[in-house]
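*Asks:* Provided below for reference: sequence and predicted model.
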Amino acid sequence: MRTSILSIIALLTFALAPAWADHHVSTVVDGLDNPAGVAIQPDTGHVFVSDSGASRVIRVVDGKAQDVITDFPVDVYGKGPMYNIGPLGLVFLDKNTLVVGGGGYKDGEELLRVYKIPEAGQPAIKADQMEGSSKLVATDEIKGEGNFYGVATNGKFVFVTCNGDDTKGWVSRARINDGKLSKIKRAVATKEATEVDAPVAVAISPRGELVIGQMGEITVPGDGLLTFYNAKNSKMLLNLETGLSDITALAYSPKGQLYATDFMWTNTKEGGLYQLISKEADGKQSIEAKKVETLDKPTALAFGDDGSLYITVIGTGEGDAKGGKLLKVAPGL
Amino acid sequence: MRFLTLLLFAISCVATVTADDYELQYPLGLKPMRIPKGNELTEAKIKLGKQLFFDPRLSRDDTVSCSSCHEPSKGWSNGDDFATGVRGQRTGRSAPTIINAGYSYFQFWDGRALMLEGQALGPIQSSVEMDLTLEECVAKLNKIEGYRKQFQDVFGTDVTSPGIARAIASFERTILSGNAPYDKFKAGDKSALSDAAERGRKLFFGKANCSACHAGPNFSDFAFHNIGVGMDNDPPDVGRFNETDMLGDRGSFKTATLREIDRTAPYMHDGSLGTLEDVVDFYNKGGIANPQLDEELFPLKLTVAQKADLITFLKEGLSSEDYPDFKPPALPK
């Protein structure tokens, strides 16, 4: 009972009326190659992007991209379409410490990387110039992990969605000790909890719950889940169908509204940004996903302190041009 | 556009869970089924659907009914490698079991139909299977007074093709298998599985990697995967690719439920594997290599004893003593 009440209260934090009636979307940077992660640097407000296929992390200042970390390993995701992926999820521990989820190595060898990043205007560092890293290797009984797509922090842990072991669907976590990241460990077997594949999106709710967007099968539309877990003990609090197909990112706005991106693998022309609105009927929680904007293969979300929402999209390039973009939704969501 | 329609339909199907005047009884281990609006279950509709399902008059020469390829005594399949229709014609694929098929959004091995309502009329119109146009089928059934009366009672019309589809789909939703030893084990009865089956269960959800795709209450994600079966044929059956034109779907077929798997041999979409021993050997080798082989297929390195335990789990753990062994009804005149 206590769990249910807590869960409902948590959900009510995004149960308010739609906040997206008037919004303006602009392109901040284009020509990116499968951007797959975005984070806002504390203090400066600079936007950092995993320009995944280009094997680099960039900083965006005044609409211009600067290399920050380069030469990440790159792998291919998918059997057709195929996407080059290198660095994936991003999150800052503090102004100078950036955690990067890797996607360029095979399962079991993939790294969660920690960097001390150079100041704006300073030369970029190489991907192997890490402050630290850790991985989730295979054992006789457990598969190795890889594709660390989503990363988020509650100040005590960094949570990482993993996509190596599809029988378990691990969300892993690494404790933060004195500003340093300890070894990553498997924490939540989301596949066992939800019986649906692929934790991908991750966020921390305003009340501190671990919120996971379960992508489901990419070949099946409408099977995406939103699941709340106790961030301390990993117990599932609430599991809700969303009607979305392939949730790739979650983020709470400064107003406490929850937003999600849907990649919509089976028909990417219908992907988009959604507000997830809590509903309650017959004593049961549910979700209404209201479309805010149609987006071409959206991958990541992050709110700036001023309420601007930054979104990365893979997009569709013409000819040899890369279609990836960093988009900005003006404050107000 | 096709996929937009598909998604909208999927979402519209989410809301309705229970029937109008017929309450579907779910065996232990199964969840409530999504029943599309406009085709709520009723006793009379299910009875009508059962008659239609078993009636060979739905074929051109009165020799083939739905039950010809979906025989209750043969696991609701036909015990043969391919489905066989009128004049002894054989299709190019096996007849999938329809046990728990009501849970699957996509129907047929390649998912070319949506929901049971979308599937039911397909074989009637196939020249290889039942070989009637819908107009011919409707005209034929309208000459049978017993059907005309029942259609009037159920739908308020004479026989129509949408009515045929809805009635057959309604009946098929009642063909459920649960309450197997696995379900009892999961519910807390630790004696429900033999020692060998319990060892097999752990392998199923672990080292053998089965649950990467055979997940959830139906032991299927009802999604599409390329495991390599038939990809060494020239030309291969490319399955789902014919529906989506997505390269990644080449050679993909829908994951089959494993409920009552001991009754549904031979296995795979082409019926090419005669026994569960063959199936486990196939997976233990990592499937058949091809460019679109699912990443969940890899050599499992199961020992002889482990393979035996896994098969024991499949046979004992997923076979219900409440098997839905329906008898053919008296047909209307």
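*Replies:* That came through fine. Numbering: from 1, shown residues only, chains lettered A, B, ... in the order given.
*Asks:* neighbours of A:N233, how many?
*Replies:* Residues near A:N233, counting by other Cβ atoms under 10 Å in any protein chain shown, number 8. C-betas here are computed from N, CA, C, even on glycine.
*Asks:* over to it. Which of the three states is it?
*Replies:* Put simply, A:N233 is coil when judged by DSSP: H, G, I helix; E, B strand; the rest coil.
*Asks:* is stretch B:230-245 positioned near chain A?
*Replies:* Yes. Stretch B:230-245 reaches chain A (Cβ under 8 Å from any Cβ of the partner chain) through B:240, B:244.
*Asks:* likewise for stretch B:303-322?
*Replies:* No. Using Cβ under 8 Å from any Cβ, stretch B:303-322 never reaches chain A; the gap is at least 11.7 Å.
*Asks:* what mean pLDDT does that stretch have?
*Replies:* Stretch B:303-322 comes out with an average pLDDT of 98.
*Asks:* next, the nearest residue to B:R173 once chain neighbours are set aside: secondary structure please.
*Replies:* Nearest residue to B:R173, sequence neighbours excluded (Cβ to Cβ, 6 or more residues apart in numbering or on different chains): B:G102, at 3.8 Å. Recorded secondary structure, B:G102: helix (three-state DSSP).
*Asks:* now do the contacts for B:G102.
*Replies:* Residues counted as contacts of B:G102 (Cβ atoms under 8 Å, 6 or more residues apart in numbering or on different chains) are B:33, B:35, B:116, B:169, B:172-173, B:175-176.
*Asks:* which residues in chain A form helices?
*Replies:* A:2-12, A:190-194 (DSSP state H).
*Asks:* mean pLDDT lowest where, among those helices?
*Replies:* Among the helices of chain A, helix A:2-12 scores lowest, with a mean of 47.
*Asks:* lowest average confidence, helix or strand, in chain B?
*Replies:* Least confident element among the helices and strands of chain B, by mean pLDDT, DSSP states H and E: helix B:2-14 (a mean of 36).
*Asks:* chain neighbours aside, what residue packs nearest to the closest residue to chain A within the stretch 101-250 of chain B?
*Replies:* Residue nearest to chain A within the stretch 101-250 of chain B (Cβ to the nearest Cβ): B:L247, separated by 2.5 Å. Nearest residue to B:L247, sequence neighbours excluded (Cβ to Cβ, 6+ apart): A:G80, at 2.5 Å.
*Asks:* that neighbour against B:S252, yeah?
*Replies:* No. Between A:G80 and B:S252 there is no contact under Cβ atoms under 8 Å: 10.7 Å.
*Asks:* quick check: neighbours shared by these two?
*Replies:* When contacts are counted by Cβ under 8 Å, 6+ apart, A:G80 and B:S252 have B:Q292 as shared neighbours.
*Asks:* who does B:A113 bridge with?
*Replies:* Per DSSP bridges, the residues bridged to B:A113 are B:Q107.
*Asks:* how near is it to B:S126?
*Replies:* The gap separating B:A113 from B:S126 is 12 Å, by Cβ to Cβ, to the nearest Å.
*Asks:* which residues touch the residue of the stretch 51-200 of chain A found nearest chain B?
*Replies:* As assessed by Cβ to the nearest Cβ, chain B sits closest to A:G80 within the stretch 51-200 of chain A, at 2.5 Å. Shown in contact with A:G80 (Cβ under 8 Å, 6+ apart): B:246-250, B:292.
*Asks:* how about A:R56?
*Replies:* When contacts are counted by Cβ under 8 Å, 6+ apart, A:R56 is found next to A:67-72, A:86-87, A:124.
*Asks:* what pLDDT does the model give it?
*Replies:* Residue-level pLDDT assigned to A:R56 equals 98.
*Asks:* check B:D20 too.
*Replies:* For B:D20, the model assigns a pLDDT of 53.
*Asks:* confirm for me that A:R175 is in contact with A:G155.
*Replies:* No. Applying Cβ under 8 Å as the test, A:R175 and A:G155 come out as separate, 10.9 Å apart.
*Asks:* out of everything not next to it in sequence, what's closest to A:D165?
*Replies:* That would be A:K143: by Cβ to Cβ, 6+ apart, it lies 4.0 Å from A:D165.
*Asks:* how far away is the one you found from A:K106?
*Replies:* 11 Å.
*Asks:* more neighbours: those two, which one.
*Replies:* A:K143 (24 against 13).
*Asks:* need the contact list for that one.
*Replies:* Contacts for A:K143 (Cβ under 8 Å, 6+ apart) come out as A:107-108, A:164-165, A:167-168, B:209.
*Asks:* scan the contacts of A:R56 and report the most crowded one.
*Replies:* A:P87 (30 neighbours).
*Asks:* hey, what's that one bridged with?
*Replies:* A:G102.
*Asks:* just the pLDDT for it.
*Replies:* Listed pLDDT for A:P87 reads 98.
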